[in-house]
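A.B. asks: Here's a sequence, model it:
(2 chains)
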Amino acid sequence: MIHIENLVKRYGNFIALDHLNLDIKEGEVFGLLGPNGSGKTTAINCLLALLKYDKGTITVFGKEMHPDSYDIKQDIGVVMQNVAVFDQMSVWENIDYFCGLYVKDKKTRLELVEEAIHFTGLEDFRKSRPKKLSGGLLRRLNIACGIAHKPRLIIMDEPTVAVDPQSRNRILEGILELNRQGSTIIYTSHYMEEVEQICSRIAIIDHGQVLATGTTEELKNMIKTGETITLEAIALNKEQLAEIRGLPHVFEISYEEQVLKIRLSRAKHNLVRILNYMQEHDLAFGRVFSELPTLNDVFLEITGKELRD
Amino acid sequence: MLFLFKYRFLQTIREFSVMFWALAFPIILGTLFYFSFGTSISATGETDWDAINVTVVSEDRSSENAKAFETFLKKIDGGLLTIIPSSSEAEALTMLNEEKVTGIFYVKESPSLTVGKNGLNESILTGALDSFNQNSSMIREVLSEHPENLPAVLESLGNYRQTVREETLGGKTLNPNVQYFFALIAYACLSGAFLGVRASFDTQANLTALGARRSVSPTHRLKLVIIDMLVLVTIHFINILILNLYIIKILKISLGDDIGSLLLVDFMGSIIGICIGLAFGCISKLDLDMKMGISVAITLIPGFLAGLMFGNMKNILELHCPIINRINPAAVLSDAFYCLGIYNDMARFTRCLIILAVMSIVLILIAFLGVRRESYDSI
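C.D. replies: Model (predicted):
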């Protein structure tokens, strides 16, 4: 559905997109995951032909995307990172206006507006002005304005920024529902939990480059970490730390403020092996837990820095 | 198209801040003008007449003409002018220098007048003397052959005040304060710039998310820009009509009786105001607050130069730097209102409209050059 090849975008000497390549298939919820400033929004703006780029090609629905590709734009819905609605118009008027930019038939448009209001749960706020809405409701209105015309492709650029957990869950559920109804979704975020929750495939971006692409499981399998075991309130000396570092499948440990974190590669009975060591050496500890790798671990291992940075 | 027009119209008129500057502020300013001028503007929009102070120096009263002139002056004393006695020419000149009197009439075979400066009152005195000179032979003839008719003749000449006030300069009011209202309407026209600046933000994807959202829609960009332009001109034309109605119907100040031409100037003024805002909004990357702040200057400075705060400003510029009056849209608009309200000079009126049309076209081109890009180097 979307093919981006060798996309280069420079701002003076700064390279925002560095030979970016992406392929997005119809029916996917495709996540663009990366820290702030990694190039996600720049890539989206290039894809929408809002930004000029220095090199590369972008095709959408099999056609090259240009600023005047109105036939392509007809099938795209965009939910901007910043809320893009008219403060002077009511919820209903805003959705009707933006839907009207895509749908000319009045009867169809009115039906679509009602569907969008119902879909985003804004039934009780039809006549409200945006300034009277809470942050979460405002985000929902922003989404309604972007998706009311039922586009084939929906691009959502960090739609849950500054949204309360309840509204965030509703928005994420809504995105999955849109996908079930047949829309392909491109979802950018720096919240790895969200991306992990809803995206069928993910591209990790940093410094304008795609570092890895795949499903959540595929990405996690790309890295060495299979498990992270944490022991809290434990007192260890240097010799003991060296011994733990030498245990089978342990490839990295960190010990700060009596919290021991052990990264291990994929293997059976990792936790049992660690607990046995503690028992053999009569080492007391408070709490112990084991975690499977997260997208943050993937990002950390690929880039050497935390995604949350 | 009508659907998009409707929503843009509603959205714009609900934008309190820009509608305040474009509609409410000129009305408030007009009201303040009205009350600050106090009683000087009557119900007809004309000035209550203040007699002009003069003094008379009798150099030679022996001739018939001198006697006739002296009689003429006595006749109009208390009406058009007030004669303040002086004992000598030196005292009269002192009074003139101290601006206690506007002029000195010399009674002699060939009556003459000395004034201290140029101005409306000085012109009226000159006109009175000219009127006497033109009719002096008739007065002498009446004096010698039909002295009983002299009062009637002088009465007729004494009505010069009415002649001056109502018949000269195209038969319209001469109230100098009306020029403030012409400048005010011109300023109000330019205040359409606030609407233009605000609307330009919703068109440019590099400035606002709304601009980006509209830019990624399948509705042609040119169509959106044209709709915006039509909406803004319509709204601002209505704003100006409301201001005109307020001035004419509530403040009772005449803006001339050629309604068609008045509407034409209002319309051209609305266009030029909107175009200034769109052009400025489209070529600059400043944020909205900064642009709105600069728009205050963009509208008030031309208004000031057109006489909004200092009535004689336009005349001073006309004397020293007339090109400013030609390129200042507020001055051109004010001039067009003068042509309608005072001069009845259609050639000058047409010239004003042509200047406004050319300015509007240039500004539209600038705005178009600013927004013609459909993708940006940076967002």
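
A.B. asks: I'd like to know which helix or strand in chain B has the lowest mean pLDDT.
C.D. replies: helix B:160-166 (a mean of 47; mean pLDDT, DSSP states H and E).

A.B. asks: From the contact counts, what lies against the longest strand belonging to chain B?
C.D. replies: Longest strand in chain B by number of residues, with DSSP state E as the criterion: strand B:52-58. Applying 3 or more C-beta pairs under 8 Å, 6 or more residues apart in numbering or on different chains; DSSP states H and E, we find strand B:52-58 packed against helix B:64-76, strand B:81-83, helix B:89-97, strand B:103-107, helix B:120-145. Yep, even glycine has a C-beta here, placed from its N, CA and C like the rest.

A.B. asks: now the angle between helix B:89-97 and it, please.
C.D. replies: 160 degrees (axes from the mean of the first three to the mean of the last three C-alpha atoms, to 10 degrees).

A.B. asks: Please identify the pairing partners of strand B:52-58 and their relative orientation?
C.D. replies: Each strand that strand B:52-58 pairs with, and the sense of that pairing, follows from DSSP bridges: strand B:81-83 (parallel), strand B:103-107 (parallel).

A.B. asks: residues touching A:M222, list them.
C.D. replies: Contact criterion C-beta atoms under 8 Å, 6 or more residues apart in numbering or on different chains gives A:212, A:214, A:298, A:302 as the residues in contact with A:M222.

A.B. asks: Please identify which of those residues is nearest to B:V371.
C.D. replies: Using C-beta to C-beta, A:A212 comes nearest to B:V371 of these, at 39.9 Å.

A.B. asks: sorry, back to before: which of the contacts of A:M222 fall within helices?
C.D. replies: The helices, defined by DSSP state H, take in A:298, A:302 from the contacts of A:M222.

A.B. asks: Would you point out the most distant pair within the contacts of A:M222?
C.D. replies: Set against one another by C-beta to C-beta, the contacts of A:M222 have their most distant pair in A:G214 and A:I302, with a gap of 12.0 Å.

A.B. asks: residues of stretch A:210-230 that come out buried?
C.D. replies: Using 16 or more other C-beta atoms under 10 Å in any protein chain shown as the test for burial, stretch A:210-230 gives A:210-213, A:216, A:219-220, A:222-223, A:225-230.

A.B. asks: Who are the packing partners of the longest helix along chain A?
C.D. replies: If each helix of chain A is counted by residues according to DSSP H, the longest one is helix A:165-180. Packed against helix A:165-180 by the contact rule (3+ C-beta pairs under 8 Å, 6+ apart) you find strand A:29-33, helix A:135-147, strand A:184-189, helix A:192-198.

A.B. asks: weakest of these in terms of mean pLDDT?
C.D. replies: Looking over those, mean pLDDT reaches its minimum on helix A:192-198, with a mean of 87.

A.B. asks: And the next helix or strand past that one?
C.D. replies: Scanning forward in sequence from helix A:192-198, with DSSP states H and E defining helices and strands, the next element found is strand A:201-206.

A.B. asks: Just checking: what are the partner strands of that following strand?
C.D. replies: Here strand A:201-206 has these sheet partners by DSSP bridges: strand A:29-33 (parallel), strand A:209-214 (antiparallel).

A.B. asks: do you know which of these lies nearest B:S87?
C.D. replies: strand A:29-33 (98.7 Å).

A.B. asks: can you tell which of the strands paired with strand A:201-206 is closest to B:L224?
C.D. replies: The minimum distance between B:L224 and these falls on strand A:29-33, with 28.7 Å, by C-beta to C-beta.

A.B. asks: which is the next helix or strand following the one helix or strand B:A331 maps to?
C.D. replies: Here B:A331 is covered by helix B:329-338, with elements defined by DSSP H and E. Counting by DSSP H and E, the element after helix B:329-338 in chain order, helix or strand, is helix B:346-371.

A.B. asks: do that following helix and chain A meet?
C.D. replies: No: looking at helix B:346-371 against chain A by C-beta under 8 Å from any C-beta of the partner chain, there are no contacts, and the closest approach is 12.1 Å.

A.B. asks: before we move on, the earlier item: so which of the strands paired with strand B:52-58 is the most packed in?
C.D. replies: Mean neighbour counts were compared across those using mean count of other C-beta atoms under 10 Å in any protein chain shown; the top stretch is strand B:103-107, at a mean of 22.

A.B. asks: so that strand versus helix B:120-145, what angle?
C.D. replies: Going by the same axes, to 10 degrees, strand B:103-107 makes 20 degrees with helix B:120-145.

A.B. asks: Which residues does strand B:103-107 contact?
C.D. replies: B:52, B:54-61, B:66, B:69-70, B:73, B:86, B:89, B:92-93, B:95-96, B:111-116, B:122, B:125, B:129.

A.B. asks: run the last query once more with 7 Å
C.D. replies: Contacts of strand B:103-107 with the rest of the structure, by C-beta atoms under 7 Å, 6 or more residues apart in numbering or on different chains, involve B:54-59, B:61, B:66, B:69-70, B:73, B:92, B:96, B:111-115, B:122, B:125.

A.B. asks: Let me have the contacts of A:M222 in TSV, extended by distance to A:H149 and pLDDT.
C.D. replies: Converted to TSV, the contacts of A:M222 look like this (distance: C-beta to C-beta, whole Å; pLDDT from 0 to 100):
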residue	distance to A:H149	pLDDT
A:A212	34	90
A:G214	31	92
A:V298	36	86
A:I302	38	82
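
A.B. asks: And the closest residue to chain B within the stretch 151-300 of chain A, how close does it get to B:L81?
C.D. replies: The minimum distance from the stretch 151-300 of chain A to chain B, using C-beta to the nearest C-beta, falls at A:I155 (8.7 Å). Separation of A:I155 from B:L81 (C-beta to C-beta, to the nearest Å) stands at 81 Å.

A.B. asks: same thing with A:V250?
C.D. replies: 113 Å.

A.B. asks: To what extent is A:S254 buried, counted in neighbours?
C.D. replies: The burial count assigned to A:S254 is 11, neighbours taken as other C-beta atoms under 10 Å in any protein chain shown.

A.B. asks: what's the answer for B:F69, then?
C.D. replies: Residues within reach of B:F69, counting by other C-beta under 10 Å, total 27.

A.B. asks: next one: B:M359
C.D. replies: Applying the criterion other C-beta under 10 Å, we find 19 residues in the vicinity of B:M359.

A.B. asks: domain parsing for the chain?
C.D. replies: Looking at chain A here, since you left the chain open. Here the domain assignment for chain A is A:2-220, A:224-292, based on automatic domain parsing.

A.B. asks: Please refer instead to chain B.
C.D. replies: Structural domains of chain B, as assigned by automatic domain parsing, span the residue ranges B:2-42+B:175-371, B:52-166.

A.B. asks: out of those, deepest packed?
C.D. replies: Most buried of these by mean neighbour count (mean count of other C-beta under 10 Å) is domain B:2-42+B:175-371; its value is a mean of 20.
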